[in-house]
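Enquirer: Structure for this input, please:
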Amino acid sequence: MKAFWKIFGAVALACMVSCGEDPIEPDVPDVPDTPSGPVEKEEDPITNIENSYDGKTVSYRGATITVRFDASVSWTASLELKDEPEGEWAAVNANTVAGEAKKKASVRVAFEKNSSAQERTAELWITAEGYDPVCVATLVQAASGAGADAEINKALNTYMHEILTEDYLFADAYNAQEIDLTVPFTEFLNRHLLSLGDVNIADGGYYRATQSNSGDRFIYTNLTEVYYPGSSSANASTRAMQTGGLGFGPFISTALAENSSQMGIAPAYVRRGSPAEAAGLRRGDIIYAVNGTPLTTSNYRNYMTGLYQNPSGSYVFTFLRFEPNAGGGYALNSYDSATATASSHVYDPVLHASVMSDPDNAAVKIGYLVYESFDLGSQDILEETIADFAEAGITDLILDLRFNAGGAVAQSRWLSGCIAGDANGSKTFTKVVYNDGRTENWTFDYGYNNDTDPLGKPKSLGLDRLFVICSYNTASAAELVINSLRGIDFPVKLIGCRTEGKNVGMTVSETTYNGRRFQFSPVTFWVRNAKDFGDYPDGIAPDEYVNNDNTLTTDDADNVFPYSFSDWGNMDYNIALQWAYCDITGKPRWTHTPGTRSAMTLAPDSFQPMTVGTGMSGNLIYEFNNKQ
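Expert: Have a look, this model is predicted:
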């Protein structure tokens, strides 16, 4: 069965979690002995057990899995290791070793890598208060060894090879080389695609001068092991998806001037409806201690990575926040009471939405939308936001795509159609061109067909221009908005820095192997606008640079862009927003220089953004084929 799903960007990044160990896990206590002696009760206190690994094996590489159940009384969890009782190869997460009566209680079990050639089994037992223990899950971890590696390597490499042979955008060059199906599957793509040199340069590129691996080649085509919380697959759907963790975006780090060894990390954003937002944390807050542990030069990178990914457990954050003071400037105030507990929550790619006004001109109403991903599962959220803008009667729109790596082509088309308006509905949004020359023409009103674009006619906002805030994170479906509107001569002004440069897309499919799920995203097509232009592999240059993306920090209007040390609406710190606002209202720009921030106890030369893997950045998914 084939379900069509066109996506231009990161593959459901917010709605999937890589299978693997969490980078930040509390210490795990010794597992208590399994109690004995039956206790008769009228009702079973542990019901509705959900084990996503029932009938499957846990990866031999290690993973953290979750078992859920309803508990009518307090309970404790223990783990019995059947095959290696003396070993410490699996344990119950310390934060889930006990709990109170509640629905959807959960226990997380962390497995270390199995380096043996034998499967091993662990039993998860729950002891309800006053009841006999119950085994709620039998968990089997796959064996390792050369035989197991060879089997999975051959299976996955063959799977990728068969698709690349037919559909890869540069199939001729790929097929002209000798293919080795015995290499580790994690190395297969780099081995056979990077070797093509610049023939397939559109499938990736070279890291920029500002990145630690500057000059190295990378590719977009990728194979990723994935898990979808609350769902068995990533089929295209307009239903809201669940995600886990705390809801932080990537972090930027800074040394604190009072102590050169003490570090702070500030999130690029805090998602709406997330545990971090509920705890009162905001974009730009400078976290300098977690659970009472100060961040230092020796540990801060672990927190940058771990808090951005999907950690479990509860965290108490001590942080600094710039806030207006009586003198008209900003004071750096400290807070130590923000407690956030990681949990499942609805993924919301709308990081910020508001309507700004001009106090000197009541007719001016400016919509400001910060959008993280063109996610089909969040279509209802986007439609509500656009409806709010329409009801407010916005006269201009500032679309902030600085952290948008792409997503569904259908949603990119829908939002672009809202901006282009009814008068441009029948015009070409984009052309999709395959390796055999086949071309599909998408319009702003309805896309290509209902199978590939089910979103229907967009809601016109009645705009006659667009302001876009962009950065090196802006890719694929986000760049498609810009290029497509310019293809019909719709005025678009870019403010920020050069975009990623992703003018190709993917046909994505899924496969499973021994209970593990993999998603393969090979580059399979080009995109062109109505003028047949799509030549931006080095990115789209902004009309005005806020940060020129070189290695210097002294020649930028904002040397931490696209990050910030304040929230979205603060135009003293959000320089790109300020420039767009002033261009719209005709007001003079004002200055808030890096030097001013330096005086506020920060060392700007030490600003370092976290490294975000390029493999998923800018994937353009056109078709989603379910293959088991």
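Enquirer: C-alpha from now on. contacts and neighbour counts both.
Expert: Fine.
Enquirer: In the longest helix that the chain contains, which residues are buried?
Expert: Secondary structure of the chain per DSSP state H: the longest helix is helix 145-167. Under the neighbour-count criterion of 16 or more other CA atoms under 10 Å, helix 145-167 has 149, 152-158, 160-161, 163-164, 166-167 buried.
Enquirer: where's residue 301 relative to residue 353, distance?
Expert: Computed as CA to CA, to the nearest Å, the residue 301 to residue 353 distance reads 31 Å.
Enquirer: buried stuff in stretch 173-192?
Expert: 174, 181, 182, 183, 184, 185, 188, 189, 190, 192.
Enquirer: The second one contacts residue 150, correct?
Expert: No - here residue 181 lies out of contact with residue 150, judged by CA atoms under 8 Å, at a distance of 9.6 Å.
Enquirer: ok, back up a step: neighbour count for residue 301 and residue 353, which is higher?
Expert: The residue with more neighbours, out of residue 301 and residue 353, is residue 353; 19 against 16, by other CA atoms under 10 Å.
Enquirer: Check the secondary structure at that one for me.
Expert: What DSSP: H, G, I helix; E, B strand; the rest coil gives for residue 353 is strand.
Enquirer: Over to residue 44?
Expert: Strictly by three-state DSSP, residue 44 counts as coil.
Enquirer: give the contact list for residue 141.
Expert: Each residue near residue 141 by CA atoms under 8 Å, 6 or more residues apart in numbering is listed here: 57, 58, 59, 60, 114, 119, 120, 121.
Enquirer: again, only using 6 Å
Expert: 57, 58, 60, 119, 120 (CA atoms under 6 Å, 6 or more residues apart in numbering).
Enquirer: Roughly how far does the last one sit from residue 97?
Expert: In this case it means residue 120. 22 Å.
Enquirer: likewise the third one?
Expert: The gap separating residue 60 from residue 97 is 23 Å, by CA to CA.
Enquirer: And residue 541, by the same measure?
Expert: 52 Å.
Enquirer: What of residue 64?
Expert: Residue 64 is 14 Å from residue 97, by CA to CA.
Enquirer: again with residue 330
Expert: Counting by CA to CA, the gap from residue 330 to residue 97 is 44 Å.
Enquirer: So which of the two has more stuff around it?
Expert: residue 97 (22 against 16).
Enquirer: The nearest residue to that one once chain neighbours are set aside - how many residues pack around it?
Expert: Ranked by CA to CA, 6 or more residues apart in numbering and with sequence neighbours excluded, the top spatial neighbour of residue 97 is residue 77, at 5.0 Å. Close neighbours of residue 77, defined as other CA under 10 Å, add up to 26.
Enquirer: Specify the local secondary structure of residue 77.
Expert: For residue 77, the assignment made with three-state DSSP gives strand.
Enquirer: Give the bridge partners for it, please.
Expert: residue 126 (DSSP bridges).
Enquirer: again, but for residue 495
Expert: Assessed by DSSP bridges, residue 495 has beta-bridge partners residue 469, residue 544.
Enquirer: Check what pLDDT it gets.
Expert: On the pLDDT scale, residue 495 is placed at 98.
Enquirer: what's the answer for residue 68, then?
Expert: 89.
Enquirer: Find the nearest non-adjacent residue to residue 524, please.
Expert: In space, residue 524 is closest to residue 169, 4.4 Å off (CA to CA, 6+ apart).
Enquirer: who does the longest helix of the chain touch, helix- and strand-wise?
Expert: Counting contacts by 3 or more CA pairs under 6 Å, 6 or more residues apart in numbering; DSSP states H and E, helix 145-167 packs against no other helix or strand.
Enquirer: Now the element after that helix, going C-ward?
Expert: helix 171-175 (DSSP states H and E).
Enquirer: pLDDT of that next one, averaged?
Expert: 97.
Enquirer: Output it as PDB, nothing but the C-alphas.
Expert: Output of helix 171-175 as PDB, limited to C-alpha atoms (Å, rounded to 0.1, in the frame of the first residue of the first chain):
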ATOM      1  CA  ALA A 171      20.900   7.300 -10.100                       C
ATOM      2  CA  ASP A 172      23.100   7.100 -13.200                       C
ATOM      3  CA  ALA A 173      26.200   8.100 -11.200                       C
ATOM      4  CA  TYR A 174      25.300   5.800  -8.300                       C
ATOM      5  CA  ASN A 175      24.800   2.800 -10.600                       C
END
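Enquirer: Next secondary structure element downstream of that helix?
Expert: Trace forward from helix 171-175 with DSSP H and E and the next one is helix 185-193.
Enquirer: Tell me what angle that following helix forms with helix 145-167.
Expert: 40 degrees (axes from the mean of the first three to the mean of the last three CA atoms, to 10 degrees).
Enquirer: from the chain's centre, how far out does helix 185-193 sit?
Expert: 23 Å (CA atoms, centre = their mean, to the nearest Å).
Enquirer: what does the following helix or strand past it rub up against?
Expert: Counting by DSSP H and E, the element after helix 185-193 in chain order, helix or strand, is strand 205-206. Contact partners of strand 205-206, identified using CA under 6 Å, 6+ apart, comprise 215, 216, 217, 218.
Enquirer: What are the boundaries of the strands in the stretch 301-450 of the chain?
Expert: Listed from the start of the chain, the stretch 301-450 of the chain has strands (DSSP state E, counting those that start in this stretch) covering 314-324, 330-341, 345-346, 350-358, 361-371, 396-400, 407-408, 428-434, 439-443.
Enquirer: where does residue 579 land in three-state SS?
Expert: Applying three-state DSSP: residue 579 is helix.
Enquirer: who's in contact with it?
Expert: No contacts exist for residue 579 under CA under 6 Å, 6+ apart.
Enquirer: roughly how far apart are it and residue 492?
Expert: From residue 579 to residue 492 the distance is 14 Å (CA to CA).
Enquirer: now swap in residue 178 and tell me
Expert: In terms of CA to CA, residue 178 sits 46 Å off from residue 492.
Enquirer: Check residue 223 too.
Expert: 35 Å.
Enquirer: So which of those two has more stuff around it?
Expert: residue 223 (22 against 17).
Enquirer: what kind of secondary structure is the closest residue to the more buried one other than its chain neighbours in?
Expert: Of all residues not flanking residue 223 in the chain, residue 520 sits nearest, at 4.5 Å (CA to CA, 6+ apart). Under three-state DSSP, residue 520 falls in the strand class.
Enquirer: In contact with residue 520, which residues?
Expert: Residue 520 sits in contact with 222, 223, 508, 509, where contact means CA under 6 Å, 6+ apart.
Enquirer: Now go through these and say which are in helices.
Expert: Using DSSP H, none of the contacts of residue 520 sit in helices.
Enquirer: what's the burial count for residue 328?
Expert: 7.
Enquirer: can you pull the pLDDT of the nearest residue to residue 89 once chain neighbours are set aside?
Expert: Using CA to CA, 6+ apart and skipping residues adjacent in sequence, the residue nearest residue 89 is residue 112, 5.1 Å away. Per-residue confidence (pLDDT) for residue 112: 86.
Enquirer: Also residue 313?
Expert: pLDDT at residue 313 comes out at 86.
Enquirer: helices and strands of the chain: which one bottoms out on pLDDT?
Expert: strand 2-3 (a mean of 30; mean pLDDT, DSSP states H and E).
Enquirer: Look up how far residue 65 lies from residue 100.
Expert: 20 Å.
Enquirer: So between those two, which is more surrounded?
Expert: residue 65 (19 against 14).
Enquirer: In CSV, list the C-alpha atoms belonging to the longest helix of the chain.
Expert: Written as CSV, here are the backbone C-alpha positions of helix 145-167 (Å, rounded to 0.1, in the frame of the first residue of the first chain):
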residue,chain,number,x,y,z
GLY,A,145,28.0,-10.4,17.3
ALA,A,146,29.3,-10.6,13.7
GLY,A,147,26.3,-12.8,12.5
ALA,A,148,23.7,-10.3,13.8
ASP,A,149,25.6,-7.3,12.3
ALA,A,150,26.0,-9.0,8.9
GLU,A,151,22.3,-9.9,8.7
ILE,A,152,21.0,-6.4,9.4
ASN,A,153,23.7,-4.8,7.2
LYS,A,154,22.7,-6.9,4.3
ALA,A,155,19.0,-6.4,4.8
LEU,A,156,19.1,-2.6,5.2
ASN,A,157,21.8,-2.0,2.6
THR,A,158,19.8,-4.0,0.0
TYR,A,159,16.7,-2.1,0.9
MET,A,160,18.5,1.3,0.3
HIS,A,161,20.3,0.0,-2.8
GLU,A,162,17.1,-1.1,-4.5
ILE,A,163,15.5,2.3,-4.0
LEU,A,164,18.6,4.3,-5.0
THR,A,165,19.1,2.3,-8.2
GLU,A,166,15.7,3.4,-9.5
ASP,A,167,14.7,6.7,-7.8
